[in-house]
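Trainee: my questions are about this predicted structure, shown below with the sequence.
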Amino acid sequence: MPADRHAGRLEQIPVDQILPNPDNPRLTFRQGELDGLQESIRQYGIQVPITVFKKGSHYFLIDGERRWRCASKLNLATIPALVQREPKPLENLLLMFNIHALREQWDLLTIALKLPTVVELLANDLKREPNEAELAAKTGLSRSIIRRCRLLMGLPQEYKTLLLEELKKPKSKQTLSEDLFIEIERVLKTVKRAMPEVVPDRNAARKALVRKYQNKVIENIVDIRKIGKIARSPNVGVDPEAAERAVRRIFTEPSFAITEAWNQTSAEAYAERDVVSRIDHLLVRLNELKVDEIDDDVREKLQELLDKAREILEAEE
């Protein structure tokens, strides 16, 4: 970025001449989150100037929208501001991401709604589509957040609108969350790869899962991951027809719970695979030990393990 980016002049600017930055990804400012700052400003004033650029007869925010909103609520006439040059469109967007994203946790949907514009502007500069690492470097976002945001980017507009309404509420009042839709999009991708014929209509499957969550048939968002594990369960020895039948029922039967499908088809197979994995790991560690270095506690546990193994093997004979 140019060296003069941080060299702004300090002015007292009329609060009513300032407008929000149209490229700021943040869309929701919950009143509860502003109350403490507003009271601080009421008592002590604005201690840290906001940052703006001038365009025409108005100033546009680069940094400090919460301070500006509070000043407006308190009917302050002016606000201290560092006035900088007008940034280019890409520079403006990247400033928004880098100033704010590292300071506080944004709602992921607000990032997801702006990310396509960042990708488009970067592509114009690079003459090619930016990769994930370049996006992370330019925006200051982690690659995992970019992946999560891309899942939200693919949501139909009705769900984006629904989520935006939810995000305006206090966290404790929200009934649908970004995490819910991220888990749903992940599992739909998994099922599509493993059983492409089971989800001919992705939106119908999405609606079914949202409805189940709203009706408490799905009580824990993390349980949604089990659908993907059921879809892949033939890889651990589950009957493919049984697995496919269970996944279909999850998407088509309103009262059929994921946990029920899991217990009927896959729980035992995955538990056995977990035991095998743990035994393999234990054998590796035991091979690393010298017999004369094994203490009594380890010997006792090995004897318990040996007795249990004999019990299982004898029961099969």
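Mentor: That came through fine. Numbers count the residues shown, from 1 in each chain.

Trainee: now the helices for the protein?
Mentor: Assignment of helices within the chain using DSSP state H yields the ranges 31-44, 65-73, 89-100, 108-126, 132-139, 143-153, 157-167, 178-194, 202-214, 225-231, 240-252, 258-265, 267-288, 296-316.

Trainee: buried residues, the first one. List them.
Mentor: In other words, helix 31-44. Neighbour-count burial for helix 31-44 flags 34, 38, 41 (criterion: 16 or more other Cβ atoms under 10 Å). (C-beta placed from N, C-alpha, C; glycine too.)

Trainee: what's the angle from that helix to helix 65-73?
Mentor: Angle, helix 31-44 to helix 65-73, by axes from the mean of the first three to the mean of the last three Cα atoms, to 10 degrees: 70 degrees.

Trainee: residues in contact with helix 31-44?
Mentor: Outside of helix 31-44, the residues within contact range by Cβ atoms under 8 Å, 6 or more residues apart in numbering are 66, 67, 69, 70, 71, 73, 74, 76, 170.

Trainee: which other residues reach stretch 133-147?
Mentor: For stretch 133-147, the surrounding residues in contact (Cβ under 8 Å, 6+ apart) are 94, 97-98, 101-102, 108, 111, 115, 118-119, 122, 126, 130, 132, 149.

Trainee: looking at those, which has the smallest pLDDT value?
Mentor: pLDDT across the contacts of stretch 133-147 is lowest for residue 102, at 54.

Trainee: returning to that earlier point: and the furthest pair within the contacts of stretch 133-147?
Mentor: In these, the most distant members under the criterion Cβ to Cβ are 108 and 126, with 24.7 Å between them.

Trainee: between those two, which one's more packed in?
Mentor: The neighbour comparison of residue 108 against residue 126 (other Cβ atoms under 10 Å) goes to residue 108, with 23 against 11.

Trainee: gap between the closest residue to the more buried one other than its chain neighbours and residue 201?
Mentor: Of all residues beyond its chain neighbours, the one nearest residue 108 is residue 178 (4.8 Å), with distances taken as Cβ to Cβ, 6 or more residues apart in numbering. For residue 178, the distance to residue 201 (Cβ to Cβ, to the nearest Å) stands at 23 Å.

Trainee: ok so, going back, among the contacts of stretch 133-147, which one lies nearest to residue 257?
Mentor: The closest of the contacts of stretch 133-147, once distances to residue 257 are taken by Cβ to Cβ, is residue 108, at 27.4 Å.

Trainee: point out the most buried one among the helices of the chain.
Mentor: Here the criterion is mean neighbour count by mean count of other Cβ atoms under 10 Å, and of those the winner is helix 225-231, at a mean of 22.

Trainee: closest to residue 55 out of the helices of the chain?
Mentor: Here helix 89-100 is closest among these (Cβ to Cβ), at 10.6 Å.

Trainee: identify all contacting residues around that closest one.
Mentor: 1, 21, 23-26, 62-63, 87, 106, 111, 114, 117-118, 121-122, 124-125, 138-141.

Trainee: re the thing from before, now render the helices of the chain as CSV, adding distance to residue 13.
Mentor: As requested, the helices of the chain are exported to CSV (distance: least, Cβ to Cβ, whole Å):
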stretch, distance to residue 13
helix 31-44, 15
helix 65-73, 10
helix 89-100, 18
helix 108-126, 26
helix 132-139, 28
helix 143-153, 33
helix 157-167, 29
helix 178-194, 35
helix 202-214, 45
helix 225-231, 50
helix 240-252, 55
helix 258-265, 55
helix 267-288, 61
helix 296-316, 71
